[in-house]
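A.B. asks: Just the structure for this:
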Amino acid sequence: MDDQNKNLILATALSFLVILVWFILFPPPEPDIPLESVPAAESTGSDSPAIATVPSSTADTQAAPETETREDALADAPRIPVLTDRVSGSVSLLGGRIDDLSLNDYRVTQEEGAEIVKMLSPVGTVDAYYALYGWAPGAGMDPSSVPGPNTLWTLASGETLTVDNPITLTWDNGAGQLFTRTIAIDADYLFTVTQSVANTGAGPVSMAPYGVLARHGEPSDLKNFFILHEGVVAMADGELTETDWSDMPDFEFAPREGARAEITQVAQNGWIGFTDHFWMSTLIPAPGSAFKSVAKYDERRDIYQAETVQPTQTVAPGTSVTVTSQLFAGAKEWETIRNYQTAGVEGFIDSIDWGWFFFLTKPIFWLLHELNKLIGNMGWAIIGLTLIIKAILFPLAYKSYVSMAKMKELQPQVEKLKEEAGDDRQKMQQGMMELYKREKVNPAAGCLPILLQIPIFFSLYKVIFVTIELRHAPFFGPFQDLSAPDPTSIMNLFGLLPFAGPEPTSIMALIFIGILPLLLGISMWLQQKLNPAPTDPTQQMIFAWMPWVFMFMLGSFASGLVVYWIANNTITFTQQYLIMRSQGYSPDVFGNIKSSFKRKAAEDADK
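C.D. replies: The predicted structure follows:
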């Protein structure tokens with residue numbers, strides 16, 4: 001076997017191995033607990049303001065089954081409607097909780113009449129998920145004198161929370177302190193929560209403002225997909241941390257928190273929240289302010305919490321204190337999140353899970369996003385992205401294909417060396433090295449474009465799977481969701497027959513593939529036909545099977561990724577054909593196809 005064929009087989013085997021490992025690691029993704037008051041905070045004893053503690057603040061020890069319907073749970077307390085173009089829901093006057101929120105722009109499925117995505121849900125429902133705010137009492141202060149999760153607020157102004165009309169809630173503790181909470185919302189997904197306390201009593205009082213995100217149990221729609229982070233995501237003074245749901249029960253027990261917790265002291269800028277596949281909720285204290293960031297798991301009640309606790313405020317008689325923070329609750333749209341980062345939320349764009357290859361996924365997504373804005377179709381944007389990537393890699397590809405063309409020209413000399421060397425492999429290798437050195441040919445150059453394609457392929461896979469911009473993104477005809485596998489199938493003649501194909505994630509779908517995987521296999525097969533089939537029977541078998549193995553392996557991947565691979569193969573075929581022609585070697589594609597069929601017919605006749 002000559003070095004040229006060795007390198008081709010090495011590159012093929014490497015690509016096959018990487019895709020196989022990727023396929024194995026990343027298969028296609030297939031009782032009410034009332035709230036309690038916040039315990040007293042402890043002073044640090046220092047001259048600086050104390051950071052209060054909010055242990056297990058969102059639920060008490062009374063267990064109740066979470067079996068209420070959403071309608072019944074929403075009727076358990078007075079509510080103020082929330083209505084903008086992008087979100088709808090309500091704020092509960094019990095605790096002032098933001099616990100009912102739907103995303104108007106997104107549907108659960110693409111079926112006609114499908115429900116809009118419900119993101120936040122009140123206590124009592126399955127997957128209860130909500131945000132609440134309050135004050136942790138300072139040393140010597142009665143916990144009942146500060147508003148907590150069960151406080152029944154009074155609506156002071158505003159009938160419906162809209163972009164132009166905030167609502168104001170008030171609560172008087174009867175001991176000389178009047179608490180006010182104003183909630184505003186912007187045109188996208190950002191709530192601004194302003195908490196204030198006016199002290200009309202005889203002495204000073206101290207307390208610390210906090211915000212809490214709580215989820216009862218792990219989400220029922222948890223993907224548990226290795227490529228995707230789901231759970232806590234937090235930024236603390238420029239350092240991003242991600243904690244999976246499964247890791248939170250392994251936190252050390254923190255007595256002051258009353259639960260298993262991981263605590264971070266943030267000096268100036270940060271945020272913390274929960275991230276799902278496409279949705280996220282995040283507590284964002286005012287930029288430049290110190291706070292305690294807490295990720296917490298209460299194992300007794302199976303409640304997950306993300307908290308921000310700001311420094312204790314001392315309110316002298318006749319004065320008031322006001323603290324403002326923000327809550328993001330919505331879709332992880334790149335442009336929306338980037339705008340919030342530009343407005344001052346440090347590192348917010350990193351709340352999207354860019355992965356290990358972030359230095360590739362970020363620019364790839366940006367380019368894909370801009371192309372989609374220009375073209376107006378994500379499928380064509382992926383093809384445009386492929387063209388640009390191939391153009392950037394063209395200098396390397398040119399050298400590679402030139403080297404391969406020169407190696408074809410050297411085939412007669414290689415055959416002569418084989419005859420002269422006979423069974424002396426060392427002599428053969430030395431002769432080959434001298435020949436390549438003399439002719440200035442690098443036999444390994446052909447592997448370089450394939451090696452460079454691997455991280456790009458992984459990065460694009462990450463982008464297509466993780467970003468919401470690809471969710472339900474249409475291409476044409478039956479391809480209405482580029483983040484999902486090809487919905488067509490040989491079973492229904494690729495949609496021509498009036499019945500649906502197999503479920504995309506089923507074994508049947510893997511066998512009865514769609515039109516895109518079939519085009520992928522054909523494009524790889526045609527690319528092979530630029531060169532005559534190798535004479536070695538083992539090599540012939542590998543090359544004959546490789547396109548069809550890849551076709552079935554990639555058939556269940558996101559259709560957007562298969563579109564990229566088809567476009568990449570087509571452009572590679574064109575580039576290689578033209579470059580080989582420019583070097584004096586004319587690929588006989590049709591001749592190579594004919595010879596492969598003749599060889600197959602001859603083999604069948606011999607059997």
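A.B. asks: What about the closest residue to I388 other than its chain neighbours, how many residues nearby?
C.D. replies: Spatial nearest neighbour of I388, chain neighbours left out: L367 (6.6 Å); criterion: CB to CB, 6 or more residues apart in numbering. From N, CA and C alone the C-beta is placed, and that goes for glycine too. Neighbour count of L367, defined by other CB atoms under 10 Å: 16.
A.B. asks: Next, work out how far apart L367 and G591 are.
C.D. replies: 39 Å (CB to CB, to the nearest Å).
A.B. asks: What of N165?
C.D. replies: For N165 relative to G591 (CB to CB), the value is 75 Å.
A.B. asks: And A397, by the same measure?
C.D. replies: Counting by CB to CB, the gap from A397 to G591 is 24 Å.
A.B. asks: Next: S351.
C.D. replies: Going from S351 to G591 by CB to CB gives 55 Å.
A.B. asks: neighbour-wise, which of these two wins?
C.D. replies: More crowded of S351 and G591, by other CB under 10 Å: S351, with 24 against 11.
A.B. asks: Leaving out the residues flanking it, which one is nearest to that one?
C.D. replies: V233 is the one closest to S351 (CB to CB, 6+ apart), at 5.4 Å.
A.B. asks: After the host helix or strand of that neighbour, which helix or strand is next? Please name it.
C.D. replies: V233 belongs to strand 231-236 when assigned by DSSP states H and E. Next helix or strand after strand 231-236 toward the C-terminus (DSSP H and E): strand 239-244.
A.B. asks: ok, residues contacting that next one?
C.D. replies: With contacts defined as CB atoms under 8 Å, 6 or more residues apart in numbering, strand 239-244 is touched by 229-235, 262, 264, 295, 347, 350, 353.
A.B. asks: my guess is G258 meets D298, correct?
C.D. replies: Yes: using CB atoms under 8 Å, G258 is in contact with D298, at 7.5 Å.
A.B. asks: Show me which of those two is the more surrounded one.
C.D. replies: Neighbour count, other CB under 10 Å: between G258 and D298, D298 has more, with 23 against 17.
A.B. asks: Pretty sure the more buried one sits against A261.
C.D. replies: No: D298 is beyond contact range of A261, at 9.2 Å (criterion: CB under 8 Å).
A.B. asks: what's the pLDDT at V589?
C.D. replies: pLDDT, V589: 68.
A.B. asks: And for A13?
C.D. replies: pLDDT, A13: 54.
A.B. asks: go on, M551?
C.D. replies: 82.
A.B. asks: do I464 as well
C.D. replies: pLDDT recorded at I464 is 88.
A.B. asks: Quick check, it in contact with A558.
C.D. replies: Yes: counting by CB under 8 Å, I464 touches A558, with 4.8 Å between them.
A.B. asks: Which neighbours do those two have in common?
C.D. replies: Shared contacts of I464 and A558, defined by CB under 8 Å, 6+ apart, are found at L470, L482, S483.
A.B. asks: burial count for the first one?
C.D. replies: When neighbours are counted by other CB under 10 Å, L470 registers 23.
A.B. asks: show me the contacts for it.
C.D. replies: Going by CB under 8 Å, 6+ apart, L470 touches M378, V463, I464, L482, S483, A558, G560.
A.B. asks: Distance check, the nearest residue to it once chain neighbours are set aside against E370.
C.D. replies: Distances taken as CB to CB, 6+ apart put S483 closest to L470, at 4.3 Å, once the chain neighbours are dropped. Distance, S483 to E370, by CB to CB: 19 Å.
A.B. asks: Of those two, give the one with the bigger neighbour count.
C.D. replies: Per other CB under 10 Å, whichever of S483 and E370 has more neighbours is S483, with 20 against 13.
A.B. asks: Return the backbone torsion pair for that one.
C.D. replies: The phi and psi values for S483, taken as degrees, to the nearest 10, are phi -90, psi -10.
A.B. asks: can the contacts of L470 go into a markdown table with extra columns for distance to V117?
C.D. replies: As requested, those are exported to a markdown table (distance: CB to CB, whole Å):
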| residue | distance to V117 |
| --- | --- |
| M378 | 20 |
| V463 | 21 |
| I464 | 20 |
| L482 | 19 |
| S483 | 15 |
| A558 | 20 |
| G560 | 21 |
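A.B. asks: top of the residues you listed by neighbour count?
C.D. replies: V463 (29 neighbours).
A.B. asks: Would you mark the buried spots in the helix or strand hosting that residue?
C.D. replies: Element membership for V463 (DSSP H and E) is helix 448-466. Within helix 448-466, the residues that count as buried by 16 or more other CB atoms under 10 Å are 448-450, 452-453, 456-466.
A.B. asks: Please report how far the residue nearest the centre of the chain lies from G379.
C.D. replies: The centroid of the chain falls nearest to V466 when counting by CA atoms, centre = their mean (2.9 Å). V466 is 18 Å from G379, where distance means CB to CB.
A.B. asks: Same check on E252?
C.D. replies: From E252 to G379 the distance is 49 Å (CB to CB).
A.B. asks: Over to Q453?
C.D. replies: Separation of Q453 from G379 (CB to CB): 20 Å.
A.B. asks: cool, K373 as well?
C.D. replies: Taking CB to CB as the measure, K373 falls 14 Å from G379.
A.B. asks: repeat for G344
C.D. replies: 36 Å.
A.B. asks: More neighbours: those two, which one.
C.D. replies: When G344 and G379 are compared for neighbours, G379 comes out ahead with 20 against 13, by other CB under 10 Å.
A.B. asks: how would you label that one: helix, strand or coil?
C.D. replies: helix (DSSP: H, G, I helix; E, B strand; the rest coil).
A.B. asks: so who does the closest residue to it other than its chain neighbours touch?
C.D. replies: For G379, ignoring the flanking residues on the chain, the nearest one in space by CB to CB, 6+ apart is F475 at 3.0 Å. By CB under 8 Å, 6+ apart, F475 lies in contact with N377, M378, G379, W380, L482, S559, G560, V563.
A.B. asks: Read off the pLDDT value for the residue nearest to the first one when sequence neighbours are not counted.
C.D. replies: It stands for N377. Setting aside the residues directly before and after it, N377 is nearest to F475 in space (CB to CB, 6+ apart), at 6.7 Å. With respect to pLDDT, F475 scores 92.
A.B. asks: same thing with V441?
C.D. replies: V441 is given a pLDDT of 71.
A.B. asks: who touches it in this structure?
C.D. replies: S403, K406, M407, L410, L435.
A.B. asks: what's the answer for W548, then?
C.D. replies: Shown in contact with W548 (CB under 8 Å, 6+ apart): G521, W525.
A.B. asks: Doesn't it belong to a helix?
C.D. replies: Yes: counting by three-state DSSP, W548 falls inside a helix.
A.B. asks: List the contacts of D186.
C.D. replies: Counting by CB under 8 Å, 6+ apart, the residues that D186 touches are V163, T192.
A.B. asks: at 10 Å what do you get?
C.D. replies: Going by CB atoms under 10 Å, 6 or more residues apart in numbering, D186 touches T84, R86, V163, T192, Q326, Y340, A343.
A.B. asks: As CSV, the residues you listed with distance to G431 would be great.
C.D. replies: As requested, the contacts of D186 are exported to CSV (distance: CB to CB, whole Å):
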residue, distance to G431
T84, 76
R86, 71
V163, 78
T192, 76
Q326, 72
Y340, 65
A343, 67
